[in-house]
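Engineer: got a sequence here, can you model it:
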Amino acid sequence: MNLKNTLILFGLFFCVATTQAKTNDLPSIESFAKHQQFFGIKLSPDGQHFAASMNNADGKRIVGIFNRASGKVTGMFNFTGSEFPTNFYWVNNERVAVGVGIKLGSFAQPRPTGNILAMNVNGKKRVMIYGPGSKEKTPFRMRLVDMISDDPKHVLIEQMGPRSRAFRLNVYTGRLIKAGMSPPTARNFIADNKGVIRFASAQEDKNGKNYVNLYYRKDANSDWILNDSIHADDGQITPLGFSKFPGKVFVRSDQNTTTSAIYLYDVNTKEMEEVFSHPTVDVGSLDIDRNNNLFAAHHEADYSHVEVLDKTHPLGRWYPAFIKTFKGAKVRITSTTDDMSEFVIAVQSDKNPGTFYIFDTKTQKLAELFKAKPGLDSTMFGTTEAFKFKARDGLDVHAYITLPKGKETNLPLVVIPHGGPHGPRDYWTYDDDVQFLASRGYAVLKVNFRGSGGYGREFQRKGYRKWGSDIMTDIFDATNWAVQQGIVDKNRMCVYGVSFGGYSALMTVVKEPDLFKCAIGNAGVYDMDILYEKGDIPQSAFGTNFLDKVIGHDEAELNEFSPARNVDRIKADIFIVHGKKDIRAHYDHALFLREQLDKKGIPYEWMAKDKEEHGFYDQKNRHELYERMLAFLDKNIGDKG
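Structural biologist: Residues are numbered from 1 along each chain as shown. Alright, predicted model coming up:
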């Protein structure tokens, strides 16, 4: 197999630049504004082909299929409008399936449509095997459950409805074959190694209390039985997959711990045997091979860690060597051949947005395939360090600070609160915004304030109804920590954020008018009434229930927590950025904020783009935003010496 030809092909087909223009030896603004080019690559089961997710020359996400021996592109999945490939997978040696979603802005998570496209490696027989264009039209959303290793023509799917149903989906024709039905109300089931659904979970309300019901059946011909019922206040349980041990199922649960851990649930004894947990953070992604052997778990309290659970596993045993080779960077095995003789690994770090390698276990040779952002010059990038501090009420809070190369004290600071706020969190990883600012001499602070995801259910709950209070004080306390360490100049600090981060940018300068010199709000939420009325969140029962839980209906509190209703407290310089088509944080948020600033005669800078949604996607707009951000920051807190 000619790896060299494949690498040449990647360069020629996408016209990848390997150098970049620099000004005064700094990485160019263009290099940060430009979208990531490669996102993932997967080996076919026989190792003869690659499938890769990438952006084309127009910045549109596609999935391509490549022949390893010839280096030729043999097939391509293209998408139109807001369509977006959510995932892709080899269903057999000759066929690739791709999930279709909708992407509504750079900072919006893709929404899966449930539609699936499939195509042969030679580019032929491309069909919609599930969705409006398939032979069997259905209004129901679906979820892939199992690849069915002994049946290469079918995958097992869950068709979601009032009661979920299982089907074998023909990956060539789209034909559906009934494969069973879940217990009543169950929306999450798993199949055994033969593709038979035999374990399921469901939520149920009993006398005003919420329970998680676990159902089990012995085989395809048996009835479902209620195996266990657990009060939701005692924790959640999510089925993951059958193990190689008879009668035992892998589950993710926080029933016995405050963080989410991995257990083996015994359907006979109802006992849970802990496989792995971490006292501070939820267990992240898992490595489970096609034979249902769990061999590694990933977690990140500070830096990236891989816990090898089975050191004799043909894949897991390589992790220690890779971690040593890449000096502590994030390493993840992403795909393998059927015989596990070759596999692809993805490597990331604070300075590396991603590099993909292929490893041959027979020769023990590691070869680079491609970089996520080719040509990016990381020599001037800053180093990101993790730290933990005590909030003013004694709560342990984790954060990351990135320092410009060669500088450690008396620095101007930009605080970047993350979006969400509940569910997302910041990680030790590459970030365009962070490294752009660090390359221009700014220290950058990111805080996993209370309410962030990933630190267990209690930590997340501590942020409910605290958007404009305790979450903000966590940000202030992290900022003061950086000042007390002598890292930053307390007179040169600004805050910038996107989505909830945009909210935080404005709310911080409302709450502490003298702390920050400036604030940049991008795609932010600025008024709680508008949040309940406009955008896609209040359009569903799930969304309104979420808002009821996390911000509530206390009128005085909602007014106090709305930056736009408290602009008279602001002393900092303001820069507002928004996409006019944003349906997550509706454009009306920015308009209402502008109206209130105008009423009070408060000056501000403004940048709104007609065709942008939740976060700027167009490369020219991203470039302009970086230029204007830099000018705005330099004016307010730049090095005037």
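
Engineer: nearest spatial neighbour of residue 368, chain-adjacent residues omitted?
Structural biologist: Counting by C-beta to C-beta, 6 or more residues apart in numbering, the nearest residue to residue 368 once its immediate chain neighbours are dropped is residue 357, at 5.4 Å. For the C-beta atoms, the positions are set from N, CA and C on the backbone; glycine is no exception.

Engineer: check residue 478 too.
Structural biologist: For residue 478, the spatially nearest residue (C-beta to C-beta, 6+ apart) is residue 447, at 4.4 Å.

Engineer: residue 633 now?
Structural biologist: That would be residue 494: by C-beta to C-beta, 6+ apart, it lies 5.9 Å from residue 633.

Engineer: quick check: next helix or strand after the helix or strand that the residue nearest to residue 368 is a member of?
Structural biologist: Remark: residue 357 resides in strand 355-360, with elements defined by DSSP states H and E. Next helix or strand after strand 355-360 toward the C-terminus (DSSP H and E): strand 365-371.

Engineer: could you check how far the helix or strand that that following strand is followed by is from the centre of its chain?
Structural biologist: As assigned by DSSP H and E, the chain's next helix or strand after strand 365-371 is strand 383-390. On the basis of C-alpha atoms, centre = their mean, to the nearest Å, the separation between the geometric centre of strand 383-390 and that of its chain is 21 Å.

Engineer: tell me the helices and strands packed up against strand 383-390.
Structural biologist: Packed against strand 383-390, as judged by 3 or more C-beta pairs under 8 Å, 6 or more residues apart in numbering; DSSP states H and E, are the following elements: strand 396-403, helix 470-484.

Engineer: let's go with 6 Å and repeat that
Structural biologist: strand 396-403 (3 or more C-beta pairs under 6 Å, 6 or more residues apart in numbering; DSSP states H and E).

Engineer: which outside residues touch the very next helix or strand once past the strand it packs on?
Structural biologist: Where DSSP H and E defines the elements, the next helix or strand beyond strand 396-403 is strand 411-415. Residues from elsewhere that reach strand 411-415, judged by C-beta atoms under 6 Å, 6 or more residues apart in numbering: 437, 442-445, 479, 488, 492-496, 637.

Engineer: just the C-alpha atoms of strand 411-415, please, in PDB.
Structural biologist: Once side chains and other backbone atoms are set aside, the C-alpha atoms of strand 411-415 remain, and they are given as PDB (Å, rounded to 0.1, in the frame of the first residue of the first chain):
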ATOM      1  CA  LEU A 411       0.800  40.500  30.900                       C
ATOM      2  CA  PRO A 412      -2.400  41.900  29.500                       C
ATOM      3  CA  LEU A 413      -5.100  39.300  30.000                       C
ATOM      4  CA  VAL A 414      -8.200  38.200  28.000                       C
ATOM      5  CA  VAL A 415     -10.600  36.000  29.900                       C
END
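
Engineer: I'd say residue 102 and residue 82 touch.
Structural biologist: Yes: Residue 102 is in contact with residue 82 according to C-beta atoms under 6 Å; the separation is 4.7 Å.

Engineer: which is the next helix or strand following whatever helix or strand the residue nearest to residue 633 lives in?
Structural biologist: When elements are defined using DSSP H and E, residue 494 is found to belong to strand 488-498. Scanning the chain past strand 488-498 towards its C-terminal end, the next helix or strand to appear is helix 500-511 (assignment: DSSP H and E).

Engineer: the strand holding residue 494 vs strand 396-403, what angle?
Structural biologist: Relative orientation of strand 488-498 with respect to strand 396-403: 100 degrees, computed using axes from the mean of the first three to the mean of the last three C-alpha atoms, to 10 degrees.

Engineer: let's number from 533 now, not from 1
Structural biologist: I'll keep to 533 as the first residue from here, and by that count the last item is strand 1020-1030.

Engineer: partner strands of strand 1020-1030, with direction?
Structural biologist: strand 943-947 (parallel), strand 1050-1054 (parallel) (DSSP bridges).

Engineer: ok, now how distant is the nearest residue to residue 1015 once chain neighbours are set aside from residue 813?
Structural biologist: Take residue 1015 and drop its neighbours on the chain: the residue closest to it by C-beta to C-beta, 6+ apart is residue 1022, 4.6 Å away. Applying C-beta to C-beta, to the nearest Å, the value for residue 1022 to residue 813 is 31 Å.

Engineer: quick one: contacts for residue 795?
Structural biologist: Residues counted as contacts of residue 795 (C-beta under 6 Å, 6+ apart) are 783, 785, 804, 806, 807.

Engineer: what bridges to it?
Structural biologist: Each beta-bridge partner of residue 795 is listed here: residue 783, residue 806, as defined by DSSP bridges.

Engineer: gap between it and residue 988?
Structural biologist: Using C-beta to C-beta, one gets 15 Å for the distance from residue 795 to residue 988.

Engineer: so what pairs up with the residue nearest to residue 1010 in the strands?
Structural biologist: residue 931.

Engineer: that one contacts residue 1009, correct?
Structural biologist: No: when contacts are counted by C-beta under 6 Å, residue 979 is not listed as touching residue 1009 (8.6 Å).

Engineer: could you check which of those two is surrounded by more residues?
Structural biologist: Residue environment comparison for residue 979 versus residue 1009 gives the larger neighbour count to residue 979, 28 against 19, counting by other C-beta atoms under 10 Å.

Engineer: residues contacting that one?
Structural biologist: 931, 1007, 1010.

Engineer: wait, the last one touches residue 931, no?
Structural biologist: Spelled out, that is residue 1010. Yes: checked against C-beta under 6 Å, the pair residue 1010 and residue 931 is within contact range at 4.9 Å.

Engineer: rewinding a little: buried ones among the contacts of residue 795?
Structural biologist: For the contacts of residue 795, burial is judged from neighbour counts taken by 16 or more other C-beta atoms under 10 Å, and it is met by 783, 785, 804, 807.

Engineer: okay if I get the residues you listed as a markdown table plus distance to residue 1051 and pLDDT?
Structural biologist: Formatted as a markdown table, the buried ones among the contacts of residue 795 follow (distance: C-beta to C-beta, whole Å; pLDDT from 0 to 100):
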| residue | distance to residue 1051 | pLDDT |
| --- | --- | --- |
| 783 | 43 | 92 |
| 785 | 40 | 92 |
| 804 | 47 | 92 |
| 807 | 45 | 93 |
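
Engineer: can you count the residues close to residue 988?
Structural biologist: Burial of residue 988, expressed as a neighbour count using other C-beta under 10 Å, amounts to 20.

Engineer: per-residue confidence at it?
Structural biologist: The predicted local confidence for residue 988 comes out at a pLDDT of 94.

Engineer: please apply the same query to the one 10 residues further on.
Structural biologist: Model confidence at residue 998, given as pLDDT, is 97.

Engineer: ok, it - how many residues close by?
Structural biologist: Counted with other C-beta under 10 Å, the neighbours of residue 998 add up to 20.

Engineer: for it, give its distance to residue 988.
Structural biologist: Shown here: residue 998 relative to residue 988, a distance of 16 Å by C-beta to C-beta.

Engineer: repeat that for residue 614.
Structural biologist: As defined by C-beta to C-beta, residue 614 lies at a distance of 35 Å from residue 988.

Engineer: repeat that for residue 687.
Structural biologist: 34 Å.

Engineer: cool, residue 851 as well?
Structural biologist: Distance of residue 851 to residue 988, given as C-beta to C-beta: 25 Å.

Engineer: same check, this time on residue 1145
Structural biologist: Counting by C-beta to C-beta - residue 1145 and residue 988 are separated by 32 Å.
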